[in-house]
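Novice: Dropping a prediction and its sequence here:
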Amino acid sequence: MQEKDHDLARDVLLLALKADPTISGDLETVILRSQLGVSESSASAETIEVLGPVEETIKLMTTIAKAVEAYATDHNKYPAVSWDALQPMLIPTYTRELPQNDTWDHRFTYVGAEDGQTYWVISAGPDGAV
């Protein structure tokens, strides 16, 4: 796989991911494949090798985002805290556990805007660079 494809996959993972219960994993895969410029029928083994961990990381990020969204439903704002401070706010009320690392074993980053109106769940992707 070309280096630019790995960079693009990382960039896709750096998107601010907010949970939307109406979006399925299949749609996320379609969006990701379109970002990578790959159709399902033309996906090579190398592309699938990258997409597997990407898809799994998206699922992990969605788990985190769903817990943050549930918190926001009760508090009318998103937590404006660090990753370490976020966990006791969400566990056990909004989730039993939070994934700590992406599929490349890089720790997730959470950034909550000070105004409580938005947040980002970030994965460093395959190369670990944020």
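Specialist: Sure thing, it's come through.
Novice: Following the longest helix along the chain in sequence, what is the next regular element?
Specialist: Of all the elements of type helix in the chain, the one with the most residues (DSSP state H) is helix 45-75. Where DSSP states H and E defines the elements, the next helix or strand beyond helix 45-75 is helix 83-90.
Novice: Name the residues of that next one that are buried.
Specialist: Buried residues in helix 83-90, counted by 16 or more other C-beta atoms under 10 Å: W83, L86, Q87, L90. C-beta: built from backbone N, CA, C; applies to glycine.
Novice: Check which helices and strands that helix sits against.
Specialist: For helix 83-90, the packing partners by 3 or more C-beta pairs under 8 Å, 6 or more residues apart in numbering; DSSP states H and E come out as helix 45-75, strand 109-112.
Novice: same question for the longest one, mean pLDDT?
Specialist: When you say that, I think you mean helix 45-75. Averaging pLDDT along helix 45-75 yields 82.
Novice: Pull out the buried residues from that helix.
Specialist: Quick answer for helix 45-75 (16+ other C-beta under 10 Å): 47, 50-51, 53-55, 57-58, 60-62, 64-69, 71-72.
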